[in-house]
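>>> Sequence isn't available, so here's the structure alone:
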């Protein structure tokens, strides 16, 4: 019989052996589990950036998911290799020869592509399931799981932003940039509405996996819903936009300008039908040469205005009852001494009616009229029109321009130069908004592109500032008649269109370089075109630095573009001319 000491020793050794066996078993099981694919899997369904959609239904900026197709070539049954190659080529659109060569050169994992679109990815996933069922794929080694073909979302695929209209609608549309693994709007509408366009929440899915590594969906699989960014519906008509871009492109070449800008705005609502620039770029492929075109000159370029500024001074005079449009004003035969400078009129005359001072664009006449206003009256009047303030347009980085303060405007020199548009600066869009007042019964509206934001079939209107009465209806009516006279009898005759109510003002402004006026000019024409059916549009054209000889004047560089824009409105059915007596 064993001694008590011996029995204790044997029991102790038995316990140690069992403990070691337990440790070995745990280690072995852990090791096996690490070698086996997890029975649970998870997937993220990436949310996408919202689309930008034009009024005529074109998605000009969209985000699409990209997918990756990965194959473990070791898992293909050698006897069914040709079957796989033929079927994969059929579903993917790739050539059988390329697929076969890629498989033969790879010993383990092969990535066919990481830029597969969503539709093709869906078909390839269905193919993978069929191939698993047909046992085209077999387990590798001692594994019970089959690797085979897997289709999954390409990491960072949400960065794939496609601009369907290429360079059209830029720089208004803008582009996106990458920052800290995230995409964000950098310019234009992409920037201004970035908070709404940006993806909100990725979906999170969990569930068991089958032998083909596919998730088995259960009632508890969906942990978080996918929330894409809002779609932005804009007022631009893409067809009209591209046609207007062709007009400005041809004009830029003809007058050899740095840039031509043209825009059309609904006078009653402020919706911008088109804003075209001859300086454009493809947001999908920005090159070094495109850098100068990335900024929107219509909102970010402030310049001395020239004669298109005269109607604002004239309307301030009317508002203060300081002028009778029919009274005669001494214009000194087109030659006037202002300090040390001689001011000359392009169309010299001894006297002009106050109204004809605008029609004939007399600088001397404006100097004489401006003397009737105090510096405070001029300053307050211009502020009321929105100068030195943002217009509220839905574009980033808007500039505001500058005007002299009221004290300086009491100086006869400042008052004189401001009266014909020198010594003041503004942006193209500020002038559009201000001219619109004359064509909208004295009411200012906010120029804008965004109409609504949409998500999950729910639409939310983009909020706008309330319209504001700037001048009285009587003053607006008088100004409208004056601007129509510019077209009918003055410097804007080239804009005359039978059957339509067309008015506007030419402008030519010397460009200062380093404080000295250079031999470069900006030519412009701002005005309106209306029909008898109540359709009303405000139109602006700016020709920056036209270099063709004798074409630096607004009447030669900008006015023809204005006229072509009016004709385009007619041809596309936005304006319907009344029948003339000859046509009746």
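Yes, it's here. Since the structure is predicted, the reported quantities are computational estimates derived from the model, not experimental observations.
>>> Just give me the longest strand of this structure.
strand 516-530 (DSSP state E).
>>> Adjacent strands (with direction) for that one?
Looking at strand 516-530 with DSSP bridges, its partner strands are strand 501-513 (antiparallel), strand 536-544 (antiparallel).
>>> List the contacts of residue 435.
308, 311, 504, 526, 527, 528, 538, 540 (C-beta atoms under 8 Å, 6 or more residues apart in numbering). (Glycine included, C-beta is placed from N, CA and C.)
>>> Also residue 70?
Residues counted as contacts of residue 70 (C-beta under 8 Å, 6+ apart) are 109, 110, 111, 112, 149, 150, 151, 152.
>>> Filter those down to the buried ones, PyMOL style.
Buried residues within the contacts of residue 70, by 16 or more other C-beta atoms under 10 Å, are selected in PyMOL with:
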select buried, resi 110+112+149+150+151
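>>> so of the contacts of residue 70, which ones are in strands?
109, 110, 111, 112, 149, 150, 151, 152.
>>> Mind putting those residues into TSV with pLDDT and distance to residue 227?
Below are those laid out as TSV (pLDDT from 0 to 100; distance: C-beta to C-beta, whole Å):
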residue	pLDDT	distance to residue 227
109	88	33
110	89	35
111	89	30
112	87	31
149	90	30
150	86	26
151	87	24
152	84	21
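>>> In terms of residue numbering, what are the domains of the chain?
With domains defined by automatic domain parsing, the chain comprises 34-64+154-233, 66-153, 238-571.
>>> ok so, going back, show me the one of the strands paired with strand 516-530 that comes nearest residue 259.
Set against residue 259 and scored by C-beta to C-beta, those come closest in strand 536-544, at 4.5 Å.
>>> what's the spacing between that closest one and its chain's center?
19 Å (C-alpha atoms, centre = their mean, to the nearest Å).
>>> Report the mean per-residue pLDDT for it.
Strand 536-544 carries an average pLDDT of 98.
>>> following it, which helix or strand shows up next?
helix 554-557 (DSSP states H and E).
>>> other SSEs contacting the next helix or strand after that next one?
Next helix or strand after helix 554-557 toward the C-terminus (DSSP H and E): helix 559-571. Here helix 559-571 touches helix 238-255, strand 259-266, strand 501-513, strand 516-530, strand 536-544, going by 3 or more C-beta pairs under 8 Å, 6 or more residues apart in numbering; DSSP states H and E.
>>> Highest mean neighbour count out of the ones you listed?
strand 536-544 (a mean of 28; mean count of other C-beta atoms under 10 Å).
>>> Run the angle between that one and helix 238-255 for me.
30 degrees (axes from the mean of the first three to the mean of the last three C-alpha atoms, to 10 degrees).
>>> which ones are touching residue 162?
Shown in contact with residue 162 (C-beta under 8 Å, 6+ apart): 61, 62, 63, 64, 284.
>>> give me the beta-bridge partners of it?
The partner residues for residue 162, given DSSP bridges, come to residue 62.
>>> what does stretch 93-105 contact?
71, 73, 76, 81, 85, 86, 88, 89, 110, 112, 113, 120.
>>> Give the buried residues for it.
94, 99, 100, 102, 103.
>>> picking up where we left off before, of the strands paired with strand 516-530, which approaches residue 577 most closely?
strand 501-513 (9.9 Å).
>>> What's the mean pLDDT across the closest one?
Strand 501-513 comes out at a mean pLDDT of 93.
>>> can you give me the angle the helix or strand where residue 130 lies makes with strand 149-153?
According to DSSP H and E, residue 130 maps onto helix 118-133. In terms of direction (the same axes, to 10 degrees), helix 118-133 departs from strand 149-153 by 150 degrees.
>>> Averaged pLDDT, helix 118-133. What do you get?
Averaged over helix 118-133, pLDDT sits at 88.
>>> same question, stretch 56-68
92.
>>> again with stretch 165-179
Mean predicted confidence for stretch 165-179 is 93.
>>> The stretch 201-350 of the chain: helices as residue ranges?
For the stretch 201-350 of the chain, the helices defined by DSSP state H, counting those that start in this stretch cover 238-255, 297-300, 310-319.
>>> May I see these organised as CSV, with distance to residue 394 and mean pLDDT added?
Listed next are the helices of the stretch 201-350 of the chain as CSV, based on distance: least, C-beta to C-beta, whole Å; pLDDT from 0 to 100:
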stretch, distance to residue 394, mean pLDDT
helix 238-255, 16, 98
helix 297-300, 10, 98
helix 310-319, 24, 98
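>>> give me the low-pLDDT residue ranges for this structure?
Across the chain, the ranges flagged by pLDDT under 70 are 1-5, 7, 11-12, 22-44, 141-146, 156-159, 180-181, 205-224, 581, 583-584.
>>> Pick out the residue closest to the middle of it.
Geometric centre of the chain, nearest residue: residue 173, 1.7 Å, by C-alpha atoms, centre = their mean.
>>> doesn't it fall inside a helix?
No - going by DSSP: H, G, I helix; E, B strand; the rest coil, the assignment for residue 173 is coil, not a helix.
>>> Quick one: residues contacting the residue nearest to it when sequence neighbours are not counted.
Spatially, and ignoring its direct neighbours in sequence, residue 173 is nearest to residue 188 (5.1 Å; C-beta to C-beta, 6 or more residues apart in numbering). Residues near residue 188 by C-beta under 8 Å, 6+ apart: 170, 171, 172, 173, 174, 175, 296, 395, 396.
>>> ok, back up a step: farthest-apart pair in the contacts of stretch 93-105, please.
81 and 120 (22.0 Å).
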